[in-house]
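# give me a 3D structure for the following:
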Amino acid sequence: MTEIIPNLGRDEVSLGVTPTLWWNDDFPQIDVGIPFEQCVSEMALAGFQGCSIGHKYPSEPAALKKALDLRGLKVSEPWVSTYFTIGDKERTVENFKRQLEFLKEVGGQDIVVAEFGQSSHLQPIPVFKHRPRFTEKDWDLLTDGLDEIGKLAADSGMRLCYHHHMGTGVQTAEDIDTLMAGTNEDHVHLLFDTGHLRFAGDDPLATVKKHKERIKHVHLKNIRQPAVDKVKDNHLSFQEGILQGVFTVPGDPQGAIDFRPILSTLGEAGYKGWLVVEAEQNPATAHPLTYAKMARGYLAKVLGW
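Reported below is the predicted structural model:
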């Protein structure tokens, strides 16, 4: 019998899923035409309690909330790209404020951000070779900007959660260390993404142990190591990596990440918040509902619910 991980029960965590199993939000051409209504219905059918927001979702908060309420789903997070390191602070802050208002209206708490200034991940170039390396000035622009919008979130009763991401200036465990050291712990929290960190070549367990007090949001994403090796060896782009099947869900036998010690560490640290399944997959080759149910089944086994 599988031992249940303690301290991550229904009172402590909520289980979410992202629409990137059904379509891709970075690369809209990775899509087989699944509509919004089918996507969120299948999320509920698979047994999840919430979801992040995708590009096919209704832009009107009331319409979105009605559709999600109908299916018993809540919003786990919206996404905001920041551009502090290229000097676009004003537009970044204004967009962040708009998303805060949207989040209030749909009833969420966490707002996810990532610095896409200088990012290579959307470009058709090798994702490892061309990831940005921030200068001291870049880091200052980023950390000062995050502290500012993080306070805006806190003042509104929300939480800014920073998402480290492949192809950006905050990609590796060392980058995460620098970001955490340079930001206000009360206003800038960490979104911990298991798949992006393992893809970057680092050990997710080491980082979760180091920064467990700063982690307020989690993306549970698995990786297929042969596909990661192919991206590195053949100098592939981020998009090409997705099409090669780099990402998959927890519970996939092809996945390389052991989630049990990661989840155990979070439970021991008293983690409360969202555990969100994410896998940027091609729905033409990875049937979305099948993988959503695979992930939910795995979590039921290790969490006991």
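
# list the contacts of residue 19.
Applying Cβ atoms under 8 Å, 6 or more residues apart in numbering, we find residue 19 in contact with 25, 39, 43, 51-54, 56-57. Backbone N, C-alpha and C define where each C-beta goes, glycine included.

# brain fart, residue 240
When contacts are counted by Cβ under 8 Å, 6+ apart, residue 240 touches residue 231.

# what does residue 119 give?
Residues in contact with residue 119 (Cβ under 8 Å, 6+ apart) are 132, 165, 167-169.

# all strands of the stretch 101-250 of the chain, in order?
Assigned by DSSP state E, counting those that start in this stretch, the stretch 101-250 of the chain shows strands spanning 110-115, 159-163, 188-193, 215-220, 222-223, 247-248.

# strand partners (parallel or antiparallel) of the fifth one?
Just to be clear, that refers to strand 222-223. For strand 222-223, sheet partners with direction are given as strand 247-248 (antiparallel), following DSSP bridges.

# same check, this time on the second one
Next to strand 159-163 in the sheet, as set by DSSP bridges, lie strand 110-115 (parallel), strand 188-193 (parallel).

# on the three-state scheme, residue 75 is what?
Using DSSP: H, G, I helix; E, B strand; the rest coil, the secondary structure recorded for residue 75 is strand.

# the longest helix anywhere in the chain vs strand 110-115, what angle?
Of all the segments of type helix in the chain, defined by DSSP state H, the longest one is helix 136-155. Between the direction of helix 136-155 and that of strand 110-115, the angle (axes from the mean of the first three to the mean of the last three Cα atoms, to 10 degrees) works out to 170 degrees.

# buried residues in helix 136-155, which are they?
Within helix 136-155, the residues that qualify as buried are 138-139, 141-143, 145-150, 152-154, counting by 16 or more other Cβ atoms under 10 Å.

# would you mind giving those as JSON lines with pLDDT and distance to residue 253 added?
Converted to JSON lines, the buried residues of helix 136-155 look like this (pLDDT from 0 to 100; distance: Cβ to Cβ, whole Å):
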{"residue": "138", "pLDDT": "98", "distance to residue 253": "41"}
{"residue": "139", "pLDDT": "98", "distance to residue 253": "40"}
{"residue": "141", "pLDDT": "98", "distance to residue 253": "43"}
{"residue": "142", "pLDDT": "98", "distance to residue 253": "38"}
{"residue": "143", "pLDDT": "98", "distance to residue 253": "40"}
{"residue": "145", "pLDDT": "98", "distance to residue 253": "42"}
{"residue": "146", "pLDDT": "98", "distance to residue 253": "38"}
{"residue": "147", "pLDDT": "98", "distance to residue 253": "42"}
{"residue": "148", "pLDDT": "98", "distance to residue 253": "45"}
{"residue": "149", "pLDDT": "98", "distance to residue 253": "40"}
{"residue": "150", "pLDDT": "98", "distance to residue 253": "39"}
{"residue": "152", "pLDDT": "98", "distance to residue 253": "43"}
{"residue": "153", "pLDDT": "98", "distance to residue 253": "39"}
{"residue": "154", "pLDDT": "98", "distance to residue 253": "41"}
